[in-house]
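S.K.: structure for this input, please:
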Amino acid sequence: MSIAVLGATGGQGGAVAAALLEAGRAVRAVVRDPGSGRARALAAAGAEVVPGNLFDAGSLAEAFRGTTAAFAVTTPFQDGLEAEVAQGTAIVRAAEDAALPHLVLASVASADRATGIPHFETKARTEELLAGSGLPATVVAPTYFYDNALGALDEVAAGLLTMPLPGDTPLQQVARQDLGRVVAAVVADPDRWIGQRIEVAGDDPTPVRMAEEIGRAAGGKVAFRQTPLADLCTTSPDMFAMYSFLADTGYQVDLEALRTQFPTVPWTSYAAWADTQDWPTPRP
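M.R.: Modelled structure (predicted):
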């Protein structure tokens, strides 16, 4: 029986779908547009592709029926914070309607710690709704993604990496592929993981080390420069709150315990991840 994957053409859902297919599991990829290039690529890789809308509980319930588990992810970055809450509500309602045997919900590490970060709080609301539903579920909560650095390729080309964090502050992060493998392990052993909340990180490089590893992989020198956190206060209160939290407190994932729990996951280091990316050559 197949595993339904919501957002299968996105970053997290795509990594989960790839990990499940790699493990030999049948995947039902739930996508907004089955005719898109990414959806066709999933079909070519062996997934069953079906339509589904994160705001439409009926379409999601239909996609969930006949599956043994589902992976679900919500996002505030397209339609806003309240839209993310609406997505979470539709997902939980759909799982209830379909009598889904196991829902794996993607959240974010530290969302259960009352951080006040807007997009952490919306995920916390969905976690609370899920807990109150009584559904058989697991919450998988990743930290910062390595891939976030790929949004700064122009900076890398100029020999820079900038972040509103002190250069010596460790930042727990994870490769999306490793998150996908954790989810694959969770759905393979539901009796162990139902009722659990799993925070996921693979490495904790400082921004200075991130710049060094990117430069090494890119074949040049990349220097780290800290940008003023205050600049985000008016331009992006959400990001201001997040980076304030990361600078002052940070994620609290027990990396060694996680490796013990998931020994088959390769736990890609930041350096190993950087080596696999297509970086521009930094200008001298």
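S.K.: give me phi/psi at V140?
M.R.: Backbone torsions of V140, given as degrees, to the nearest 10, read phi -110, psi 120.
S.K.: next: the one 5 residues further on.
M.R.: Dihedral angles phi and psi of F145 (degrees, to the nearest 10) take the values phi -90, psi 140.
S.K.: tell me the contacts of it?
M.R.: G11, Q173, V174, A175, R176 (Cβ atoms under 8 Å, 6 or more residues apart in numbering). The way it works is simple: take the backbone N, C-alpha and C, and place the C-beta from them, glycine included.
S.K.: tell me the bridge partners for it.
M.R.: V174 (DSSP bridges).
S.K.: per-residue confidence at it?
M.R.: Looking at F145, its pLDDT is 98.
S.K.: Q78 now?
M.R.: Note on Q78: pLDDT of 78.
S.K.: can you classify it by secondary structure?
M.R.: Here Q78 is recorded as coil under DSSP: H, G, I helix; E, B strand; the rest coil.
S.K.: count the residues that sit near it.
M.R.: With neighbours defined by other Cβ atoms under 10 Å, the count for Q78 comes to 9.
S.K.: ok, it to G7 distance?
M.R.: As judged by Cβ to Cβ, to the nearest Å, Q78 and G7 stand 11 Å apart.
S.K.: that older thread, please convert the buried members of the contacts of F145 into PyMOL selection syntax.
M.R.: To isolate the buried members of these in PyMOL, using 16 or more other Cβ atoms under 10 Å:
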select buried, resi 173+174+175+176
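S.K.: can you show me the strands along the stretch 151-284 of the chain?
M.R.: If DSSP state E, counting those that start in this stretch is used as the criterion, the strands of the stretch 151-284 of the chain fall at 160-163, 173-174, 197-200, 223-226.
S.K.: most packed of those strands?
M.R.: Highest mean neighbour count among the strands of the stretch 151-284 of the chain (mean count of other Cβ atoms under 10 Å): strand 173-174, with a mean of 26.
S.K.: packing partners for that one?
M.R.: strand 144-145 (3 or more Cβ pairs under 8 Å, 6 or more residues apart in numbering; DSSP states H and E).
S.K.: how far is the strand it packs on from where the chain is centred?
M.R.: Counting by Cα atoms, centre = their mean, to the nearest Å, strand 144-145 is centred 7 Å from the centre of its parent chain.
S.K.: what does stretch 230-250 give?
M.R.: 19 Å.
S.K.: least trustworthy helix or strand in the protein by mean pLDDT?
M.R.: Among the helical and strand segments of the chain, the one scoring lowest on mean pLDDT, DSSP states H and E is helix 232-235, with a mean of 94.
S.K.: which residues does that helix contact?
M.R.: Residues from elsewhere that reach helix 232-235 (Cβ under 8 Å, 6+ apart): P164, M239, F240, Y243.
S.K.: between these, which sits nearest P207?
M.R.: Nearest to P207 out of the contacts of helix 232-235 is P164 (Cβ to Cβ; 9.6 Å).
S.K.: select, out of the strands of the stretch 151-284 of the chain, the one closest to D191.
M.R.: Within these, the stretch nearest D191 is strand 197-200; the backing value is 14.9 Å (Cβ to Cβ).
S.K.: list of residues touching the closest one?
M.R.: So strand 197-200 is in contact with 107, 109-110, 112, 127, 138-143, 174, 178-179, 182, 186, 251-253, 258, 261, going by Cβ under 8 Å, 6+ apart.
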